[in-house]
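Enquirer: sequence first, predicted model second:
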Amino acid sequence: MIMNMKISDLGEFGLIDRIGRTAVRSTKRAPIGIGDDAAALLLSPSAALLATTDMLIEGVHFDLKTTDLYSLGWKAAAANLSDIAAMGGMPRFCLTALGIPSSLTVEQIDEFYLGLSDCIRKQRTVLVGGDTCASRKDFVISVTVLGEADRKRVITRAGARPGDLIYVTGTLGDSAAGLELLKAGVRSRKPGVRRLIERHLRPTPRVAEGRKLALSGLASAMIDVSDGLSSDLGHLCVQSRAGAEVYADRIPFSNELTSIKGLEQQPFEYALSGGEDYELLFTSPVEREREVMSLRIRATVIGAVTRRMGMRMVTEKGEIRPMAPAGYDHFRSGRGRGSSR
Ligand code: ADP
Ligand code: MG
């Protein structure tokens, strides 16, 4: 056995796998545990409790120079609500745990909770507990959201079948472009610039869309786009033991992203590796496309699931290129995204 193995050799997802092997005992009461957007835990034969938690650390996930406290509270909540949405569930309860450095004021913590409350209230979710400690230097935030779903209607990452169409809600890439503008100190009042920045700071979790997909039974697999299309589609493919083909010219972009001048990258680069869009990425059998469209959830077909493993991108000119996961990995620096994370 190799001793003193570096965590960066395993990477974030290798480490999570290892934790799963070392510490997890499977139980029938947790049919979905580590490896999906949220765990699904059985309370009764028909009702599942969904549970997800996410941590945000100052200097790793956010910088107080580029976010206000209201937005930070909003986003911490939105990231968790989005994971419940990605299972097709209804968020219900929220717990928050904070490590607070002495540099923060009471008013700043008030602002944080105003943002968090506004975000969860929109989804009829209530704050029911948490923990509060002092932190030596950085602001540390942990948010947990508990949700509810009908056991049979939970949508996992694992159900995609070859031939299924791949859809994404809304538009991709705005958040990463918004972050780039924030970091460059762009203070323009132009609505387009403001809109991209808002998409980064105050993302909308697609809870209603996830519910419609769950209730209709149309989605075979689903994940939220938190790390970038290439990474998150990669997770869905691995869990479904399938591959994917994505058509570059079908990826939906906002008018703001395609029209603003001076951005460093092409829209599809922000979409593939940017992350933090919190849109839903799902698959559905090809013959049900009309039904998906009739749900009115602003979903766009961007590709198809393939029997052949791995992901490929079909360019506008019809060239086929391999598509490697390029999203963020906490322990492997220098890969993928241009985020502050
Ligand atoms: P997401 O981006 O949807 O929040 P993550 O990539 O953070 O998902 O996590 C992937 C899966 O691994 C999730 O099911 C999560 O619950 C699980 N997970 C991550 N870290 C740990 C850990 N330290 N212990 C147990 N499970 C973990
Ligand atoms: Mg997720």
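Expert: Nice, thanks for sending it over. Ligands and ions are numbered 1, 2, ... in the order given.

Enquirer: tell me the contacts of Ala221?
Expert: By CB atoms under 8 Å, 6 or more residues apart in numbering, the contact set of Ala221 is Ile155, Thr156, Arg157, Ala158, Gly159, Ala160, Asp164, Leu236, Gln239, Ser240, Phe282, Thr283. Yep, even glycine has a C-beta here, placed from its N, CA and C like the rest.

Enquirer: make JSON lines out of these and add distance to ligand 1 and secondary structure.
Expert: Converted to JSON lines, those look like this (distance: CB to the nearest ligand atom, whole Å; DSSP: H, G, I helix; E, B strand; the rest coil):
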{"residue": "Ile155", "distance to ligand 1": "13", "secondary structure": "coil"}
{"residue": "Thr156", "distance to ligand 1": "10", "secondary structure": "coil"}
{"residue": "Arg157", "distance to ligand 1": "9", "secondary structure": "coil"}
{"residue": "Ala158", "distance to ligand 1": "12", "secondary structure": "coil"}
{"residue": "Gly159", "distance to ligand 1": "16", "secondary structure": "coil"}
{"residue": "Ala160", "distance to ligand 1": "16", "secondary structure": "coil"}
{"residue": "Asp164", "distance to ligand 1": "20", "secondary structure": "coil"}
{"residue": "Leu236", "distance to ligand 1": "11", "secondary structure": "helix"}
{"residue": "Gln239", "distance to ligand 1": "10", "secondary structure": "helix"}
{"residue": "Ser240", "distance to ligand 1": "15", "secondary structure": "helix"}
{"residue": "Phe282", "distance to ligand 1": "14", "secondary structure": "strand"}
{"residue": "Thr283", "distance to ligand 1": "17", "secondary structure": "strand"}
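
Enquirer: ok, of these, which one's closest to ligand 2?
Expert: Arg157 (8.8 Å; CB to the ion).

Enquirer: count the neighbours of the nearest residue to that closest one once chain neighbours are set aside for me.
Expert: With CB to CB, 6 or more residues apart in numbering as the criterion, Arg157 has its nearest non-adjacent residue at 4.0 Å, and that residue is Gln239. For Gln239, the neighbour count with other CB atoms under 10 Å is 17.

Enquirer: can you check Ser220 too?
Expert: With other CB under 10 Å as criterion, Ser220 counts 20.

Enquirer: with that, I have no additional questions.
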